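>>> with the sequence up front, the predicted model follows.
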Amino acid sequence: METAYNLIGAGLIVIGGGIGLGQIGGKAMEAIARQPEAAGKIQTAMIIIGALLEGLAFGALLLGKN
Amino acid sequence: MFRAYLKTAFIALIFIASATAQAQDQIGDYAYDTAIISDGGKINTKPEIDSYIDHHLKDSHDFHLFSYTNDAGERKHVGFPLPVIVWSTDGPKFFMSSEFHHDDDAQVLVNKGEATFTKLHSKIYELEGGATSINFDEEHHPTNAHRVFDMSITKSVFGLILIGAFMLLVFGGLAKQYKTKTIATGFGRVLEPLVIYVRDEIAKPNIGEQKYRKFMGYLLTVFFLIWIGNLLGLTPFGFNITGQIAVTVCLALFTFFIVQFSANKDYWMHIFWMPGVPVLMKIALIPIELIGLFTKPFSLLVRLFANITAGHVVVMGLIALMITLKEQFGVVGSTGLSLFLTLFLSVIELLVAFLQAFIFTMLSALFIGMAVAEHDHAEHAGAAEDDIDEVRERFV
Amino acid sequence: MLDLINDFSPGLFFMQALILIILIALMRKFAWRPILDALNTREEGIANALASAEQAKVEMAQLEASNQAAAQEARAQRDEMIKEAREIKEKMIADAAGQAQEKADKIIAQAQDAIAAEKKAALADIKSQVAVLSVDIAEKVTRKELSEKDAQHALIEQLLAEANI
């Protein structure tokens, strides 16, 4: 039973992280399309924020892992 | 010329070794858990695969390449033992891991002076009170043994030493090149842009032109250590250095301490007495900032660990597809599918290997940059104005 | 999380810290410092070379500009000289022409004067000769008839004065 809850929690984490990463990626794409000359800077910022989010999601996954 | 030839030969050897080892993986590398030995060392079921993957993710005390069963039905292991250094109740003990005879299930006991050791799931336990066999509770935790402080040259330590030696060799060579010429040649031409990349893309923008120099030693070392460690994890030698929680904890703690020790007054001011906000807010912000202080290195260590672990689990799971899907797709089908998917994921893992090294270094640089940044005094001017307002109110 | 804490090996942590410290120290001394120094020196060298190239370019441009200015000046000077020469030439021609004219005028005037004087002299001569002749003629004609020679002479003289040419 606990495993099931863990799996549900993991699913929720993945959904949340996915939405967040999608937002970051999408907005970064838009920004790059708008200002292609700033692509490098936008990419770096995108990766940093993505990494922070990913760290959060992974942290939650590991905390949830029994 | 000869050196260049040696380097090429070395790289070629690594490729060939990885190719052959990959091929041998399916023959019998999985046969590690004693539970499987009964089956001639072959892994055929899902729990066996899971336990094999679990075993791989952990550190090990010997360097094991592959195993096979010879015609006489004997189990043969190919690899070499690594030294075990433990601090027991009877003082430091030193012996080779071959004394455990590839046992990982607390079956073999090793007597050294007063202390008796056994190995269970890649961890060395010391038996308490002269016990002659190990007892388990129902969750398979030993009841009459405790873990010892294990400074063994484990596989990960061995890998780290290897990486360190490699880095010293190639980067020392690059440094030596600059004594005689201004433009690097040979392999140095590959390394130089990497060093410049770390300096110009990671250190300078995040720490600042004036102060980056002091931290370059740490950032460059950590960047290449993590990157090469990640790449080594992708070879079939079975290294999992950056996937060891102890390693990532250590790296993150280094960043943490470097940040705290190089921090200037502004940094501590921003934590304990945030300028430019009301007093109540200042008090409310202290615990939040303090938590932030510790979540930063925590997220660093968890990110690296989880990424590498996840990568290893998925790659090994995909390799195992050729066993798990054998019945559905046949030998050729499952092997082809597994090969294709593994190849695809390995390419992604190559990217992840770099990305994680980059992100770790980048975030370290970012945190260091936050700690050493000179704030322009706009905020403090704002704070001074607040003070004036307070004084005025008191008078009015 | 419990698994993770259980997996954490203090020994590995210790070894990793040890290796990392040693590695950072060694790499700093033997690799990063010389590499970064060399890179900095090289980049400074490149920057300096670029700056000096720029400087040379500017100097070149300046030199060219000054050359141009000198050429311009020389050309202007030449034009000036040509113009002066032309003016002098014209002036000389004009002067010469004027002088010649003057001289010619003078010569003409002198000639005219001389002619006028000659004419006057000739006329006077003719006048006197005519008078003498007339008197002679008249004397010859009227020798006998006219006794009062002196009265007759005065009359002719008077008539001649009236008949001025």
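All right, it came through fine.
>>> the longest helix along chain C: what's the following helix or strand?
As far as residue count goes, and with DSSP state H defining each element, the longest helix of chain C is helix C:33-141. Proceeding C-terminally, helix C:33-141 gives way to helix C:149-162 as the next helix or strand, assigned by DSSP states H and E.
>>> how about the longest helix of chain C and chain B, any contact?
Yes - among the residues of helix C:33-141, C:Arg33, C:Pro34, C:Ile35, C:Leu36, C:Asp37, C:Ala38, C:Leu39, C:Thr41, C:Arg42, C:Gly45 lie within reach of chain B under CB under 8 Å from any CB of the partner chain. Where C-beta positions appear, they are placed from N, C-alpha and C, glycine not excepted.
>>> so where is chain A shaky, pLDDT-wise?
Within chain A, the segments meeting pLDDT under 70 span A:1, A:65-66.
>>> what packs against the helix ranked longest in it?
When every helix of chain A is counted residue by residue (DSSP H), the longest turns out to be helix A:2-34. When contacts are defined as 3 or more CB pairs under 8 Å, 6 or more residues apart in numbering or on different chains; DSSP states H and E, helix A:2-34 packs onto helix A:39-64.
>>> tell me which stretches of the stretch 51-200 of chain B form helices.
In the stretch 51-200 of chain B, helices defined by DSSP state H, counting those that start in this stretch lie at B:155-180, B:188-197, listed in chain order.
>>> coming back round to it: buried sites along the longest helix of chain A?
Counting neighbours by 16 or more other CB atoms under 10 Å in any protein chain shown, one finds that the buried residues in helix A:2-34 are A:Ile13, A:Gly17, A:Gly20, A:Leu21, A:Ile24, A:Ala28, A:Ala31, A:Ile32.
>>> find the nearest non-adjacent residue to the third one, please.
Using CB to CB, 6 or more residues apart in numbering or on different chains and skipping the chain neighbours, the partner closest in space to A:Gly20 is A:Leu53 (4.8 Å).
>>> can you read off the pLDDT for B:Val108?
Listed pLDDT for B:Val108 reads 77.
>>> for C:Lys83, see how far away C:Gln77 is.
Distance, C:Gln77 to C:Lys83, by CB to CB, to the nearest Å: 11 Å.
>>> list the contacts of the residue in the stretch 251-396 of chain B that chain C sits nearest to.
For the stretch 251-396 of chain B, the residue closest to chain C is B:Phe254, as judged by CB to the nearest CB, at 6.3 Å. Listed by CB atoms under 8 Å, 6 or more residues apart in numbering or on different chains, the contact partners of B:Phe254 are B:Tyr218, B:Val222, C:Ala17, C:Leu20.
>>> give me the pLDDT for the residue positioned nearest the centre of chain C.
The central residue of chain C, meaning the one whose C-alpha is nearest the mean C-alpha position (CA atoms, centre = their mean), is C:Glu80 at 1.7 Å. Here, the pLDDT recorded for C:Glu80 equals 94.
>>> hang on, isn't B:Arg303 packed against A:Gly55?
Yes - assessed by CB atoms under 8 Å, B:Arg303 is found in contact with A:Gly55 at 4.0 Å.
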